[in-house]
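**Q** okay, sequence plus prediction incoming.
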Amino acid sequence: MSEQQKTTKILESQTGIALLLVLFVVSLLIIVAAEFAFTTRMEITNARFFKEDIEGYYYAQAGFQYALTEVIGKFDGTYLAADGQIGFYRNWLHDNPDDPKTADGSDSDTPESWPPLPVRSGIPIGKGKFDYLITDEEGRINLNYLESRVQSGNKSMRNIFREVLLATGVPEGEEPDIIIDSILDWVDRNDEHRLNGAESDWYEHNYAEKGFSLPYSCKNQPLDTIDELLMIRGMTPDILYGSDSIFAMESNNDGPEYSGILPYVTVYGYHRKINEGSAAPLLLSIMDPDNAEQKFTDRLNRGADGKKQMSRTFRIEVRGYSDTADVDHILMAVVRRSQRRDTGGGAEIYYWNDNAMDFGRDLAYFEEFGNGL
């Protein structure tokens, strides 16, 4: 092979290497550009979601103030709507048979049905809207008063709560009694544990079982929030929220399925007795199994139960959003209507969560059990 042929072959080889280098650089630039475009798009999307969430938050705040006017306004009684929400009955308005808001348009002085609820969804405000729900907190079991001597349907609060545990998936046996005794030990003011309960010595040795990295003591004070139940022996996220909740632990295929006690319990307010006029159908069937179906029907019918049920503690859930937004914002509060004349009325806020996860979850349970009662 001549020198000229050797030189030509080397040049051809170098040309191939240069082409490969060019292709490599172009591919690298394409990858960098695609990554930059993806990151930019994600940042723009996150910024938009953040903006929509902030807007929804203020729409929800406005919705809360709007809903609060129903609670603190003057009313003569409360009544239950078919979906589990609470309505506020005003004699001056609803006792007028000619008023267009009368439910059935009857000319009778006492219409058969309760008046319809005011519009609580799609209420416009500025460029946004809000929906809200009002339910009766006193229609739930107050876990701070499980030892109350007041009975509902000839059953103690402890026995009613035990049946709720069983109805929502807790197996019969020792487990319900462990949960109940441990709650009672948590809220009482002494260090003597009940037969199946737990005081500070148990939490100091079994804190890891409850998911904590350090020991802690038994509170010996009333529960302040529902989530505090997760610190108590026997209680788990599955039992409290339900196995299908995002808060539940990884389910065991061989374990029980829980529907959750959350819709039926509270720690807010001072009521020691469940308001039968607003209790969920499951509670009603536990308190008075023989007459639950009739009571459930009667309390929805004004003619059958003309006496209105009074409560002072209510749960308000609000969702703020705009029609063009992909994100809404949910807040939830528990308020107690004040009757002190020196303050001019108003309400106390017992619980506030301006970043709630679910809207109307408890009403879904209300309807589910109501249809199957």
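**A** Cool, got the structure. Numbering: from 1, shown residues only.
**Q** residue boundaries of the helices in the protein?
**A** 3-72, 91-94, 157-167, 174-187, 200-206, 237-241, 281-287, 292-298, 361-371 (DSSP state H).
**Q** how about those in TSV, adding mean pLDDT and distance to Glu317?
**A** Bear in mind the C-beta positions are built from the backbone N, C-alpha and C, glycine included. Formatted as TSV, the entries for the helices of the chain read as follows, by pLDDT from 0 to 100; distance: least, Cβ to Cβ, whole Å:
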stretch	mean pLDDT	distance to Glu317
helix 3-72	81	9
helix 91-94	76	24
helix 157-167	95	22
helix 174-187	95	25
helix 200-206	94	33
helix 237-241	93	16
helix 281-287	91	19
helix 292-298	82	23
helix 361-371	65	9
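**Q** looking at those helices, spot the one closest to Asp354.
**A** Closest of these to Asp354 is helix 3-72, at 6.8 Å (criterion: Cβ to Cβ).
**Q** for the closest one, what is the distance to the chain centroid?
**A** Here the centre of mass of C-alpha atoms in helix 3-72, compared against the chain's by Cα atoms, centre = their mean, to the nearest Å, lies 37 Å away.
**Q** what do you get for stretch 144-161?
**A** Stretch 144-161 has its average C-alpha position 24 Å from the chain's average C-alpha position, going by Cα atoms, centre = their mean.
**Q** how close does Tyr58 get to Asn144?
**A** Tyr58 sits 34 Å away from Asn144, taking Cβ to Cβ, to the nearest Å as the criterion.
**Q** the two: who's more crowded?
**A** In this view Tyr58 and Asn144 are compared by other Cβ atoms under 10 Å, and Asn144 has more residues nearby, 21 against 15.
**Q** can you pull the contacts of that one?
**A** The contact partners of Asn144, by Cβ atoms under 8 Å, 6 or more residues apart in numbering, come to Val187, Pro222, Leu223, Val267.
**Q** one step back: identify whichever of the helices of the chain lies nearest to Gly260.
**A** Closest of those to Gly260 is helix 237-241, at 5.0 Å (criterion: Cβ to Cβ).
**Q** CA atoms of the closest one as PDB?
**A** Below are the C-alpha coordinates for helix 237-241, written out as PDB (Å, rounded to 0.1, in the frame of the first residue of the first chain):
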ATOM      1  CA  PRO A 237     -55.500   4.700  61.600                       C
ATOM      2  CA  ASP A 238     -57.500   1.800  60.000                       C
ATOM      3  CA  ILE A 239     -59.900   1.700  62.900                       C
ATOM      4  CA  LEU A 240     -60.200   5.500  63.100                       C
ATOM      5  CA  TYR A 241     -60.300   6.500  59.400                       C
END
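**Q** which one of the helices of the chain lies closest to Phe314?
**A** Taking Cβ to Cβ, helix 3-72 is the member of those nearest to Phe314, at 5.4 Å.
**Q** ok, the nearest residue to Ile330 once chain neighbours are set aside to Phe247 distance?
**A** In this structure, Ile330 finds its nearest non-sequential neighbour in Ala356, 4.4 Å apart by Cβ to Cβ, 6 or more residues apart in numbering. In this view, Ala356 and Phe247 are 12 Å apart by Cβ to Cβ.
**Q** didn't Leu133 look like it was pressed against Arg120?
**A** Yes - in this structure Leu133 lies within contact range of Arg120 using Cβ atoms under 8 Å: 6.7 Å.
**Q** which residues do these two both contact?
**A** Counting by Cβ under 8 Å, 6+ apart, the residues touching both Leu133 and Arg120 are Gln85.
**Q** so which of those two has more stuff around it?
**A** Using other Cβ under 10 Å as the criterion, Leu133 and Arg120 rank with Leu133 on top: 22 against 18.
**Q** what's the neighbour count on the residue nearest to the more buried one when sequence neighbours are not counted?
**A** In space, Leu133 comes closest to Glu317 once its chain neighbours are excluded; the distance is 4.5 Å by Cβ to Cβ, 6+ apart. Residues within reach of Glu317, counting by other Cβ under 10 Å, total 25.
**Q** what about Arg48, how many residues close to it?
**A** Using other Cβ under 10 Å as the criterion, Arg48 is surrounded by 13 other residues.
**Q** just the buried members of the contacts of Asn144?
**A** Val187, Leu223, Val267 (16 or more other Cβ atoms under 10 Å).
**Q** for the second one, what are its contacts?
**A** What that stands for is Leu223. By Cβ under 8 Å, 6+ apart, the contact list for Leu223 reads Leu143, Asn144, Ile183, Trp186, Val187, Leu229, Val267.
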